[in-house]
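Participant: dropping a prediction and its sequence here:
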Amino acid sequence: MRHTSLVATVAAAGAATLLIAACGSSTSSASSSAPAASTSTSASAGSAASSTAAGSSASSFLGCMVTDTGGINDKSFNQSAWQGMQEAQSADPGISVKYLQSTTQSDYVPNINTFLGEKCGIIVTVGFLMASATESAAKANPKQDFAIVDCSYASQCLTGAKLSNIDQLVFNTVQDGFLGGYLAAGMSKTGKVATFGGEDFGTVTIYMDGYWDGVQYYNAQHHAHVQVLGWNEQTQKGEFTGDFTNQTKGQTVTQTFISEGADVIFPVAGNVGLGAAKAVQTADAAGGKVSMLWVDTDGCVSAAQYCKYMISSVTKGIQSAVKNAVLSAATGKFAGGTYVGTLANGGAVLSPFHDFSGTVPAALQAELQTIAAGIEKGTIATPTKSPV
């Protein structure tokens, strides 16, 4: 278990802040003298940003990360993965870390090749779209340790013969997505909630499936008729912006949902979600009562300017998973295989309510705790089965 359980987190937080869980490259690098916990933002595609452990003049292990196209400051999974890299560095002064940022998908292979040339102890790649580049490099370099976020053989993201030098870091976000959907339905005043994705692939739709399922479960429990706009789990059809970077698209699609009556929005689209948040903010300023859920990370931390509109966030424990992968490689304990984050191990949970802590009804909070415990024990089945 790499994380605390939902029940333990709730107990630790206390009633006032109840948690349901209780969002051709150059090898030149820009060094930073900032503490390991800070995030470097100077790298662009083909250039590396590095961070040296505080108090350490020389590091014996180099941890390297290649971002997806969303960028290092995507307020989502790239940023969380980089924070995990830095946390590994903070935990072990013998570790130094750096990243290369991918602007387009054509950057994946050259960025990985750059790091192969730098003899990195582990190369962490971030995202479903990096599967082919990662798998090809791992096959060609069997003694090189790799880890990939949001991708596994079980989900058929990795498609070849299983390679023992890839640590697959995946998350059963059907589970906390289910809680997010239940929460959204319970908070909706219009009887309509919405979700949309960045791109149509499994690590996106798994969230949307869980969200849709959670709304249906709420309807069954309360004899309600809350509708989900933007996704239908049964048909696997819904709304996608086509990327994880264009915030204008996120704002536009969210404005459409709001005009159709949705009052709780759940973007599963990385940086595009900031456009959704802007649309929610605009609607609120105009007198509308609209709120949202964030994805991957706690939005009140990663996108704090929009915290007042976020009921909660449907998160992944990416930071801890990446940190542990780097530490395992640095200490010679790397074994490849698959780590699956769940409600039970704290790898797929809802964030605190933050500004909504006094707004979410106590009865709804209690229902969410009961449902979470039931999912963990297996007494409440999520209709959608996780592909991971």
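Facilitator: Everything's here; your move.
Participant: okay, now the domains of this structure?
Facilitator: 6-171+318-341, 173-315+358-377 (automatic domain parsing).
Participant: so which of those domains is nearest P383?
Facilitator: Set against P383 and scored by Cβ to Cβ, the domains of the chain come closest in domain 173-315+358-377, at 4.9 Å. From N, CA and C alone the C-beta is placed, and that goes for glycine too.
Participant: between the two ends of that closest one, how far is it?
Facilitator: For domain 173-315+358-377, the first-to-last residue distance is 16 Å (Cα to Cα, to the nearest Å).
Participant: change the start of the numbering to 38 and stick with it
Facilitator: Sure, I'll start counting at 38 from here, so that last one is domain 210-352+395-414.
Participant: list the buried residues in stretch 368-380.
Facilitator: 371, 373, 376-380 (16 or more other Cβ atoms under 10 Å).
Participant: packing partners of the helix or strand containing V252?
Facilitator: Using DSSP states H and E, V252 sits within helix 239-259. If contacts are counted by 3 or more Cβ pairs under 8 Å, 6 or more residues apart in numbering; DSSP states H and E, helix 239-259 sits against helix 210-224, strand 229-234, strand 264-266, strand 268-269, strand 301-305, strand 347-352.
Participant: residues touching the residue sitting nearest the centre point of the chain, list them.
Facilitator: Among the residues of the chain, the one closest to the centroid is D333, at 2.6 Å (Cα atoms, centre = their mean). By Cβ atoms under 8 Å, 6 or more residues apart in numbering, the contact list for D333 reads 60, 113-114, 117, 307, 350-353, 355.
Participant: just the CA trace of stretch 163-171, in CSV.
Facilitator: Output of stretch 163-171 as CSV, limited to C-alpha atoms (Å, rounded to 0.1, in the frame of the first residue of the first chain):
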residue,chain,number,x,y,z
VAL,A,163,4.0,10.4,-18.9
GLY,A,164,0.8,9.4,-20.6
PHE,A,165,-1.1,6.9,-22.7
LEU,A,166,0.2,8.5,-26.0
MET,A,167,3.8,7.7,-25.1
ALA,A,168,3.2,4.0,-25.1
SER,A,169,4.8,3.1,-28.4
ALA,A,170,7.9,5.3,-27.9
THR,A,171,8.4,3.9,-24.4
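Participant: for that stretch, what does the pLDDT average out to?
Facilitator: On average, the pLDDT along stretch 163-171 is 94.
Participant: quick one: it to chain centroid distance?
Facilitator: 15 Å (Cα atoms, centre = their mean, to the nearest Å).
Participant: which parts of it are buried?
Facilitator: Quick answer for stretch 163-171 (16+ other Cβ under 10 Å): 163-168, 170-171.
Participant: with stretch 177-191 instead?
Facilitator: Those would be 181-190, for stretch 177-191 by 16+ other Cβ under 10 Å.
Participant: what do you get for stretch 343-356?
Facilitator: Buried residues in stretch 343-356, counted by 16+ other Cβ under 10 Å: 343-344, 346-356.
Participant: and the strands in the stretch 88-237 of the chain?
Facilitator: Applying DSSP state E, counting those that start in this stretch to the stretch 88-237 of the chain gives strands spanning 98-103, 132-137, 159-163, 182-186, 203-208, 229-234.
Participant: and the gap between the closest residue to D187 other than its chain neighbours and L405?
Facilitator: The shortest distance from D187 to any non-neighbouring residue, by Cβ to Cβ, 6 or more residues apart in numbering, is to T240 (4.4 Å). Distance, T240 to L405, by Cβ to Cβ, to the nearest Å: 24 Å.
Participant: which one's more surrounded, the two?
Facilitator: Remark: of T240 and L405, T240 carries more neighbours, 27 against 24, as counted by other Cβ atoms under 10 Å.
Participant: correct me if wrong: that one contacts I185.
Facilitator: No. Judged on Cβ atoms under 8 Å, T240 makes no contact with I185 at a distance of 11.1 Å.
Participant: need the buried residues of stretch 343-356 in a markdown table (columns: distance to F152 and pLDDT).
Facilitator: Below are the buried residues of stretch 343-356 laid out as a markdown table (distance: Cβ to Cβ, whole Å; pLDDT from 0 to 100):
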| residue | distance to F152 | pLDDT |
| --- | --- | --- |
| Y343 | 34 | 97 |
| C344 | 35 | 98 |
| Y346 | 38 | 98 |
| M347 | 35 | 98 |
| I348 | 39 | 98 |
| S349 | 36 | 98 |
| S350 | 31 | 98 |
| V351 | 31 | 97 |
| T352 | 28 | 95 |
| K353 | 24 | 93 |
| G354 | 24 | 94 |
| I355 | 19 | 95 |
| Q356 | 20 | 95 |
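Participant: relative to W268, which of those is nearest.
Facilitator: V351 (13.6 Å).
Participant: now the closest one, which residues is it bridged with?
Facilitator: V332, L387 (DSSP bridges).
Participant: ok, it touching P304?
Facilitator: No. If you go by Cβ under 8 Å, V351 and P304 don't touch, sitting 10.5 Å apart.
Participant: so for those two, which residues contact both of them?
Facilitator: Joint contacts of V351 and P304 (Cβ under 8 Å, 6+ apart) are 331-332.
Participant: hang on, the earlier thing: for the residue nearest to the centre of the chain, give its distance to D392.
Facilitator: For D333 relative to D392 (Cβ to Cβ), the value is 19 Å.
Participant: farthest-apart pair in the buried residues of stretch 177-191, please.
Facilitator: For the buried residues of stretch 177-191, the farthest-apart pair by Cβ to Cβ is Q181 and D187; their separation is 20.2 Å.
Participant: end to end, how far does stretch 150-170 reach?
Facilitator: End residues of stretch 150-170 are separated by 10 Å (Cα to Cα).
Participant: pull the CA atoms of stretch 331-345 into CSV?
Facilitator: C-alpha atoms of stretch 331-345 as CSV (Å, rounded to 0.1, in the frame of the first residue of the first chain):
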residue,chain,number,x,y,z
TRP,A,331,-11.3,18.8,-11.2
VAL,A,332,-9.3,15.8,-12.4
ASP,A,333,-6.0,14.0,-11.6
THR,A,334,-4.9,16.4,-8.9
ASP,A,335,-6.4,18.4,-6.2
GLY,A,336,-7.6,21.4,-8.2
CYS,A,337,-7.6,23.7,-5.1
VAL,A,338,-3.8,23.2,-5.0
SER,A,339,-2.9,23.0,-8.7
ALA,A,340,-5.4,25.6,-9.9
ALA,A,341,-6.1,27.5,-6.8
GLN,A,342,-7.6,30.5,-8.5
TYR,A,343,-10.6,28.4,-9.3
CYS,A,344,-10.9,26.6,-6.0
LYS,A,345,-14.1,28.4,-5.0
